[in-house]
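Q: pasted the sequence and its predicted model underneath.
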Amino acid sequence: MAARHDPTIHDVAAHAGVSIRTVSRVLNRSPKVNADTRRRIEAAIAALGFVPSLRARALATGRSYLIGLVHNDPNALVLDTVQRGIVAECARHGYEMVVHPARGNGDALVADVATFVRRSRVDGLIVLPPVSEVAGLAGALALPAVAIAAARVAGFGTMLVSDERGAAAEVARHFLSLGHRRIATVTGPHGLLSAQERLEGFCAALAQAGAPIDPALIVEGDYGFPSGLAAGEMLLELGSPPTAVFAANDVMAAGVLKAAARQGVAVPERLSVAGFDGSALATMLTPALTTVRRPLHAMAERATARLVDMIEGANGDEELSTTLELVPGESSGPI
């Protein structure tokens with residue numbers, strides 16, 4: 001029995017009745033191929049199960065076909081969803097993803113990312129918050145990049161911005177509609193743009209409704225579970241505890257729920273709790289968490305698709321926006 005071999009670009013060309021050069025142009029998304037020929041070549045690729053060699057494409061085009069993901073996010077649930085979205089879009093265009101956890105702060109972080117770009121030879125970067133917020137980073141990147149953040153960050157030509165301020169305001173209005181007036185919040189770290197946007201949107205909506213937040217009910221967390229637990233315990237031990245708590249992410253909201261369970265405070269009968277992110281954690285908790293859902297997978301796909309366009313010659317200056325959704329769960333109810 002003759003040994004089977006993987007189909008090559010020569011096989012595709014023969015099957016489609018075109019030259020190898022024409023197949024190569026289709027693989028590299030060149031506009032110099034008419035629609036009928038392109039469809040014939042794509043049909044041949046599908047029929048033969050041809051997978052182009054990444055090395056061969058790199059040699060032909062001078063690209064690495066690698067996209068870098070730069071982050072400094074300890075939230076594994078959020079990061080996993082983002083990575084899956086990037087990988088899905090990379091697969092559609094024949095790219096691979098390289099992940100780099102950024103190290104240091106300020107100038108040291110900028111230098112670390114620049115070293116990663118140089119060593120990995122990626123064609124472009126997806127930059128997640130809070131790395132995208134670091135001053136000077138955008139100017140140090142001499143390659144296409146798409147930054148994701150809670151608001152516009154100076155320096156990046158193309159950004160995907162999610163309306164976290166508006167979404168946090170929706171949480172405030174949700175609590176108010178349920179009759180709550182003594183409302184607390186557990187914020188993210190003060191220096192992070194996402195924490196600022198969520199806090200300011202939440203507080204502004206309460207003030208606009210004539211129910212400004214008591215400063216004693218604003219507790220800073222660090223987006224980690226222990227800080228949510230500690231903040232929840234502190235708030236529930238007040239002489240006049242809140243009847244509702246907005247935690248600036250789902251992980252801290254889980255900590256608030258645990259604090260309530262420890263102190264025998266029924267949720268949502270005596271305390272309503274809401275989070276932010278809409279991660280898988282929200283549905284794993286008991287009661288299921290009211291949260292703001294960020295469409296992280298779709299956001300990652302959209303940012304990656306835009307980055308590929310930039311790598312392949314499109315103008316890079318564009319702001320992409322994302323609308324977030326409040327998803328009521330079992331953890332919030334009327335007072």
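A: Looks like it arrived, so ask away. Values in this document were obtained by computation on a predicted structure and should not be read as measured data. Residues are numbered from 1 along each chain as shown.
Q: where along the stretch 1-150 of the chain do the helices fall?
A: Taking DSSP state H, counting those that start in this stretch, the helices of the stretch 1-150 of the chain run over residues 9-16, 20-27, 35-48, 54-61, 76-93, 106-120, 137-140.
Q: in a markdown table, list these along with mean pLDDT, mean neighbour count and distance to Ser279.
A: (Glycine included, C-beta is placed from N, CA and C.) Formatted as a markdown table, these follow (pLDDT from 0 to 100; neighbours: other Cβ atoms under 10 Å; distance: least, Cβ to Cβ, whole Å):
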| stretch | mean pLDDT | mean neighbour count | distance to Ser279 |
| --- | --- | --- | --- |
| helix 9-16 | 88 | 17 | 42 |
| helix 20-27 | 83 | 19 | 37 |
| helix 35-48 | 89 | 15 | 36 |
| helix 54-61 | 56 | 14 | 32 |
| helix 76-93 | 93 | 18 | 4 |
| helix 106-120 | 95 | 15 | 25 |
| helix 137-140 | 92 | 17 | 26 |
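Q: between those, which one is closest to Leu235.
A: Counting by Cβ to Cβ, Leu235 lies closest to helix 76-93 out of these; the figure is 24.2 Å.
Q: ok, and what's touching the closest one?
A: 67, 69, 71, 73, 96-97, 99, 126, 128, 250-251, 277, 279-281, 296-301, 303-305, 308 (Cβ atoms under 8 Å, 6 or more residues apart in numbering).
Q: give me the distance from it to the chain's centre.
A: 9 Å (Cα atoms, centre = their mean, to the nearest Å).
Q: follow-up on the earlier one: any chance of the helices of the stretch 1-150 of the chain in TSV, plus distance to Gly155?
A: Listed next are the helices of the stretch 1-150 of the chain as TSV, based on distance: least, Cβ to Cβ, whole Å:
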stretch	distance to Gly155
helix 9-16	40
helix 20-27	34
helix 35-48	38
helix 54-61	28
helix 76-93	21
helix 106-120	11
helix 137-140	3
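Q: out of those, which is closest to Val327?
A: helix 76-93 (15.1 Å).
Q: low-confidence ranges, the stretch 151-300 of the chain, go.
A: Along the stretch 151-300 of the chain, the model assigns pLDDT under 70 to no residue.
Q: and the strands in it?
A: 158-162, 183-187, 218-220, 244-247, 272-277, 290-293 (DSSP state E, counting those that start in this stretch).
Q: out of those strands, which is the most enclosed?
A: Mean neighbour counts were taken over these using mean count of other Cβ atoms under 10 Å, and the top value, a mean of 31, falls to strand 244-247.
Q: for that one, packing partners?
A: The contact analysis (3 or more Cβ pairs under 8 Å, 6 or more residues apart in numbering; DSSP states H and E) places strand 244-247 against helix 164-177, strand 183-187, helix 225-236, helix 250-262, strand 272-277.
Q: based on its surroundings, how many neighbours for the closest residue to Asp6 other than its chain neighbours?
A: Among residues not flanking Asp6 along the chain, Val51 sits closest, at 7.4 Å (Cβ to Cβ, 6 or more residues apart in numbering). Val51 has 10 neighbouring residues, counting by other Cβ atoms under 10 Å.
Q: and Val51, how far is that from Ala254?
A: As judged by Cβ to Cβ, to the nearest Å, Val51 and Ala254 stand 42 Å apart.
Q: and this protein, what are its domains?
A: Domains of the chain are assigned by automatic domain parsing as 9-61, 66-162+295-323, 164-294.
Q: can I get those in CSV including distance to Gly329?
A: Compiled in CSV, those are given as follows (distance: least, Cβ to Cβ, whole Å):
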stretch, distance to Gly329
domain 9-61, 43
domain 66-162+295-323, 16
domain 164-294, 4
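Q: can you tell me which of the helices and strands packed on strand 244-247 is most buried?
A: When the helices and strands packed on strand 244-247 are scored by mean count of other Cβ under 10 Å, the highest mean neighbour count falls to strand 272-277 (a mean of 29).
Q: so what touches that strand?
A: Contacts of strand 272-277 (Cβ under 8 Å, 6+ apart): 75, 77-78, 164, 167-168, 171, 174-175, 178, 180, 198, 243-254, 256-257, 260, 267, 282, 289-294, 296, 331-333, 335.
Q: figure out how far it is from the centre of its chain.
A: The answer for strand 272-277 is 18 Å, by Cα atoms, centre = their mean.
Q: strand partners (parallel or antiparallel) of that strand?
A: strand 244-247 (parallel), strand 290-293 (parallel) (DSSP bridges).
Q: restrict the first one to CA atoms and write it as PDB.
A: Extracted as PDB, the C-alpha positions of strand 244-247 are listed here (Å, rounded to 0.1, in the frame of the first residue of the first chain):
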ATOM      1  CA  ALA A 244     -27.000  46.000  48.800                       C
ATOM      2  CA  VAL A 245     -23.400  45.700  47.700                       C
ATOM      3  CA  PHE A 246     -21.900  46.200  44.200                       C
ATOM      4  CA  ALA A 247     -18.500  44.500  43.900                       C
END
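Q: distance between that strand and the chain's centre?
A: Strand 244-247 has its C-alpha centroid displaced from the chain centroid by 23 Å (Cα atoms, centre = their mean).
Q: do the same with the last one
A: Computed by Cα atoms, centre = their mean, the separation of strand 290-293 from the middle of its chain amounts to 15 Å.
Q: contacts for that strand?
A: By Cβ under 8 Å, 6+ apart, the residues outside strand 290-293 that reach it are 164, 167-168, 170-171, 174, 250, 253, 272-279, 282, 324-332.
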